[in-house]
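Trainee: kindly generate the corresponding structure for this input.
(2 chains)
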Amino acid sequence: MIGTYREALNQAMREEMRRDSRVFLIGEEVGYYQGAFKVSKGFVEEFGPQRVVDTPITEAGFTGLAIGAAMAGLRPIVELMTFNFGILAMDQIVNNAAKIRYMSGGQLAIPIVIRGPGSAAHQLAAQHSQSLEAWFCHVPGLKVIAPATPRDAKGLLISAIRDPNPVIFIEAQLLYPTKGDIPEGEWTIPIGQAEVKRVGRDVTILAYSKMLLLALEAADVLAQDGIEAEVVDPRTLRPLDTKTIIASVSKTGRVVIVEEGWPFAGLGAQLAESIYTHAFDALDGPIVRVTGADVPMPYSRPLEDLAIPDRDRIITAVKQVLS
Amino acid sequence: MARSSSQRDDWFALYRQMLLIRRFEEKSAEMYALAKIGGFLHLYIGQEAVAVGCIDAVEEQDYIIAAYREHGHCLARGSDPKAVMAELFGKVTGLCKGKGGSMHLFDVPRNFMGGYAIVGGHLPLATGLAFAVKYQRRPQVVLCFFGEGAVPSGQAHEAFNLAALWSLPVIFICENNRYAMGTPLEREMALYKGVTERAQAHGIEASRVNGMDVLAVRAHIREIVETVRQTPKPFFIEAMTYRFMGHSMADPAHGHYRTREEVEEARKHDPLLLLKQQILDQALGTEADFKAIEREIGQIVNDAIAFADASPFPAASELYDDVYAEPTSS
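Mentor: From the prediction side, this is the model:
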């Protein structure tokens, strides 16, 4: 069926909650409000308030509670209204969710999904517009997923819910209304598998989440100039599918990495390092990164536009690596 | 006479547990000085009656979770002293294969759900254990131990609110030893005389107990556990206690923030001395009995040291194990 990214997430959670009574959803406004972004529409009506748990605005408290519930055998899905608020739960995520298995010598597993929108929407200003995936990717013990399409969102969210580890699942507010194919019924995508979203020979563009859509648009424009870009979406950011990425780089020899986050110690720096380490000889020139500007997000629209990567900057970067 | 004999066994069992913790930790301090134990070592000496009294009041199915001064809680739960000592030594035969250490003891088969070293950070986990219990309608309770230094933290208050809001079966046990590391209560907490009032402000029933008297602690907790098991809801206990040693091995027992006289005065209320006196007063035992127990415990602790010493360190191949769980079909 054709549906929105929002519907894909809703289906994934609904199907898993029907299948497994240990799965429950917890977060701010997930129940009677139907989700701050309406992702859990209809849930409290179907599953009741015991399994669709509205919380006070206390991210450390309810994220920690969910981790404790996972220790005792449940499979929580924590909805963060946005990942900006997840900063308040960083102690729970980093010091508890990610480490309890290791510290206990493997006695416990923490099967939990922590999901919600990351990155910028429009004019939400500095505290509501940031891409924090690099923070989470830095931490051993966590898995990090950032799907771009409804199909990937559904297949990866189901896999995340079934995974026995803590999974950080980063969505995007601007992706929620985007449409695409949603496979019905049992549909999973293995965690840790990248996908070539567009086949090309001249350059590899690596992009994930919202930036994938921009990269595909840029590739269409470049095709008019006879430049065939291969667009690769890692989909899972940790563990990273270096194999698929290297295969593409080996073919094209040129790489542009697109990310919405800040450049310094950003995820693109890690992607570039992985490519330099495994495929240095395949490269015909240095990797070029397109990133968000190294500033807190400004409110004013013209300044905000400057701070977020756009299609033309990707096109310019591709022409630069090809020159 | 039968009643008296069972009372004798019961009281001596409590004494034995407290003595095990005491001697185990004294020996741990020696091992620390010999660099057999590294990192931070926070001793529980002086506070034994709290862990022993509380944990004796619950069942095997109940969950225990604690902070980083948790050797005593783990031993009171029945963990093998050999495996605990081996963990302190960083050996592969330790409870957590040497990966947790003194501050992160876990014994999941005994529902001992870990020691945590971010002050206040495990209180939300305790409410989560209680959430799962209630979600699955299981007849368990959760005992969550922490120091009074955790009480002002934001995470503690978030946990109190959630536990009260959702009537979760968690018993918060605040071990008030009067110092958050080296900062006395009156310099760490506004309204420091009313620690229980902080929980009451969230709608949690709270009470205070003499944490040096193991019989009083156990009697009090038993009553609360019974209530909570019948009707899930949180409870908050302030156990008044005192740590005879420094905050950690880096901190002398007295000096910068408390006087020798204060520590000596507190030692007069040693929970081991108190129970011994109670036993002698009731004519339930003699000095000879205590000597025999002392020998027995000495042997257990020596065996633990020998076991830890003889055990191997984890192999290099262990380094990357246990970071992630392998997916299983479910």
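Trainee: for the closest residue to chain B within the stretch 201-323 of chain A, grab the count of nearby residues.
Mentor: Residue of the stretch 201-323 of chain A nearest chain B, by C-beta to the nearest C-beta: residue A:239 (8.6 Å). Every residue, glycine included, has its C-beta placed from N, CA and C. Number of residues near residue A:239 (other C-beta atoms under 10 Å in any protein chain shown) recorded here: 14.
Trainee: okay, it and residue B:74: tell me how far apart.
Mentor: In this structure, residue A:239 and residue B:74 are 34 Å apart, going by C-beta to C-beta, to the nearest Å.
Trainee: cool, residue A:20 as well?
Mentor: With distances taken as C-beta to C-beta, residue A:20 is found 33 Å from residue B:74.
Trainee: what about the two, which has more around it?
Mentor: Taking other C-beta under 10 Å, residue A:20 and residue B:74 do not tie; residue B:74 has more neighbours (28 against 14).
Trainee: now residue A:2, what are its backbone angles?
Mentor: Backbone geometry at residue A:2, expressed as degrees, to the nearest 10, gives phi -90, psi 130.
Trainee: just list whatever residues bridge to it.
Mentor: Bridge pairing for residue A:2 (DSSP bridges) gives the partners residue A:181.
Trainee: so it makes contact with residue A:182?
Mentor: Yes: using C-beta atoms under 8 Å as the test, residue A:2 is close enough to residue A:182 to be in contact (7.3 Å).
Trainee: in chain B, what residue lies closest to chain A?
Mentor: For chain B, C-beta to the nearest C-beta, closest residue to chain A: residue B:128, 2.0 Å.
Trainee: can you pull the pLDDT of that residue?
Mentor: The score at residue B:128 is 98. That number is its pLDDT.
Trainee: ditto for residue B:193
Mentor: pLDDT, read off for residue B:193, is 88.
Trainee: around chain A, which positions in the stretch 51-200 of chain B sit nearby?
Mentor: Residues of the stretch 51-200 of chain B lying near chain A by C-beta under 8 Å from any C-beta of the partner chain: B:63, B:94-100, B:104, B:106-108, B:113-114, B:116, B:118, B:121-133, B:135-136, B:154-155, B:158-159, B:161-162, B:165.
Trainee: so what's the residue of the stretch 201-323 of chain A closest to chain B closest to, chain neighbours aside?
Mentor: Spatial nearest neighbour of residue A:239, chain neighbours left out: residue A:192 (4.6 Å); criterion: C-beta to C-beta, 6 or more residues apart in numbering or on different chains.
Trainee: now do the SS call for the one you found.
Mentor: coil (DSSP: H, G, I helix; E, B strand; the rest coil).
Trainee: next, the contact list for it, please.
Mentor: Under the criterion of C-beta atoms under 8 Å, 6 or more residues apart in numbering or on different chains, the neighbours of residue A:192 are A:143, A:236, A:239-241.
Trainee: can you check residue B:38 too?
Mentor: Residue B:38 makes contacts with B:32, B:90, B:101, as judged by C-beta under 8 Å, 6+ apart.
Trainee: okay, the residues you listed in a markdown table with secondary structure, pLDDT and distance to residue A:279 next?
Mentor: Output for the contacts of residue B:38, formatted as a markdown table (DSSP: H, G, I helix; E, B strand; the rest coil; pLDDT from 0 to 100; distance: C-beta to C-beta, whole Å):
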| residue | secondary structure | pLDDT | distance to residue A:279 |
| --- | --- | --- | --- |
| B:32 | helix | 96 | 49 |
| B:90 | coil | 98 | 39 |
| B:101 | coil | 98 | 40 |
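Trainee: dump those residues into TSV; add distance to residue A:87 as well.
Mentor: Formatted as TSV, the contacts of residue B:38 follow (distance: C-beta to C-beta, whole Å):
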residue	distance to residue A:87
B:32	37
B:90	33
B:101	28
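Trainee: ok so, going back, next, give phi and psi for the residue nearest to residue A:239.
Mentor: phi 90, psi 20.
Trainee: tell me how far it lies from chain B.
Mentor: Shown here: residue A:192 relative to chain B, a distance of 11 Å by C-beta to the nearest C-beta, to the nearest Å.
Trainee: would you confirm that residue A:156 contacts residue A:235?
Mentor: Yes: counting by C-beta under 8 Å, residue A:156 sits close enough to residue A:235 to count as a contact (6.5 Å).
Trainee: overlap in contacts, those two.
Mentor: Jointly contacting residue A:156 and residue A:235 under the rule C-beta under 8 Å, 6+ apart are A:145, A:147, A:189.
Trainee: many thanks, I have nothing further to ask.
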